[in-house]
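[1] Got a sequence here, can you model it:
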Amino acid sequence: MTVPDADPLYLALTRIHPRALQVLVARFVAKTETGDGRSQAAFAAFYGVPEASAKVLLWRAVGEFDAALAGRPAPTPLPFEEEQRRADALCAALEAPLPPQSQELGKTVEALTSLHANASAIRERLARAEQAELSSPEYARETWLRRIAIVVVLAVSAWFYWQADLARWWRSSTAVEARDAGR
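    Residues are numbered from 1 along each chain as shown. Coordinates of the predicted model:
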């Protein structure tokens, strides 16, 4: 599968879970001091996990990405040992100078290579999409509704927090007034 430009890659990225998108961007697209994307070791360090865990994390995200590129639903989970084996094979294929022997893995590596090659275009499209979201009226409305909800929660919390103190103050102030009126 040859993916010559960023359009199908970007569309596939918009169809996957945000966590998988974040993983793929961190590994293949992000602008770093060494260029576009990160090596597998730098990727593991970026997430602060052992390299074996980072490989499985990447493999799961790549599975969603492959499915989105092909127009299929996301794959079902596999036993962990199988995921580890496939993650190791994927990372070895990404590091190898020759294409992998498996045709399926070869298509995946080709798509990821294209994702890395189109990193600047993908970053620019993601930034435009983020800016469009931030400037949309729906986002502004949602932000104001969240702020109102926070104020309501704080007011109700303050009421319950100070309710006993307010009741004691009220009883003591009315008792003092009643005593003063009786003199």
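
[2] Quick one: list the elements packing against the host helix or strand of Gln131.
    Element membership for Gln131 (DSSP states H and E) is helix 119-134. Judged by 3 or more Cβ pairs under 8 Å, 6 or more residues apart in numbering; DSSP states H and E, helix 119-134 is in contact with helix 6-14. For every residue, glycine as well, the C-beta is placed using N, CA and C.

[3] What residues of the helix it packs on count as buried?
    6, 8-10, 12-13 (16 or more other Cβ atoms under 10 Å).

[4] Residues in contact with the helix holding Gln131: which ones?
    5-6, 9-10, 13-14, 25, 28-31, 36-37, 115, 139 (Cβ atoms under 8 Å, 6 or more residues apart in numbering).

[5] Repeat the analysis, applying 6 Å as the threshold.
    6, 10, 29, 36, 139 (Cβ atoms under 6 Å, 6 or more residues apart in numbering).

[6] In terms of distance to Phe46, which of those residues ranks first?
    Of all the contacts of helix 119-134, Phe46 sits closest to Val29, with 12.8 Å by Cβ to Cβ.

[7] which residues touch that closest one?
    With Cβ under 6 Å, 6+ apart, Val29 has these contacts: 119, 122-123.

[8] burial measure for the residue nearest to it when sequence neighbours are not counted, as a count.
    Excluding its sequence neighbours, the residue lying closest to Val29 (Cβ to Cβ, 6 or more residues apart in numbering) is Ala119, at 4.5 Å. A total of 20 residues lie near Ala119 under the criterion other Cβ atoms under 10 Å.
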